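Q: using only what follows, build the 3D model:
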Amino acid sequence: MEDLVKFVQDEFVTKKEFPKFNAGDTITVYYEIKEGNKTRTQFFRGVVIQRRGSGATETFTIRKMSGTVGVERIFPVNLPALQKIEVNKRGKVRRARIFYFRGLTGKKARIKEKRN
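A: Modelled structure (predicted):
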């Protein structure tokens with residue numbers, strides 16, 4: 001049964017091509033918002049805290065600071081409203097899920113940039 005579900009997801013769910021990114025990367029997500037009968041594009045720039053799931057159910061969580069308040073947002077990878085994703089910085093972290101990042105403030109909350 002799982003093979004059948006996976007086959008249907010692979011065949012019929014449209015996948016968009018986004019750049020590869022991992023936890024610790026700073027990315028900008030552009031997505032469409034519908035207000036009444038008008039649509040506009042809004043962006044959300046922050047650090048990727050985690051990627052979870054696989055296939056059609058994959059999601060990623062982004063955290064940004066809005067003033068002194070931390071704001072997190074969860075995006076499904078195959079959300080139809082997603083327009084594009086830009087990778088601004090590649091971060092060097094040792095974990096796949098950096099929940100400890102929530103408790104850091106000031107200079108401790110900086111992530112080293114990955115050197116190529």
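Q: let's verify Asp3: helix, strand, or coil?
A: helix (DSSP: H, G, I helix; E, B strand; the rest coil).
Q: ignore the last one, Gly24
A: Gly24 is classified as coil under three-state DSSP.
Q: grab the nearest non-local neighbour of it.
A: Nearest residue to Gly24 in three dimensions, chain neighbours excluded: Gly91, at 3.0 Å (Cβ to Cβ, 6 or more residues apart in numbering). In short, each C-beta sits where N, CA and C put it, glycine included.
Q: correct me if wrong: the one you found contacts Val47.
A: Yes: contact criterion Cβ atoms under 8 Å: Gly91 and Val47 qualify, at 6.9 Å.
Q: for the residue nearest to Gly24, list each beta-bridge partner.
A: For Gly91, the beta-bridge partners under DSSP bridges are Glu113.
Q: name all residues that make contact with it.
A: Going by Cβ atoms under 8 Å, 6 or more residues apart in numbering, Gly91 touches 22-26, 47-48, 111-114.
Q: what's the burial count for the nearest residue to Lys89 once chain neighbours are set aside?
A: The shortest distance from Lys89 to any residue other than its chain neighbours is 4.1 Å, reached at Thr26 (Cβ to Cβ, 6+ apart). The burial count assigned to Thr26 is 19, neighbours taken as other Cβ atoms under 10 Å.
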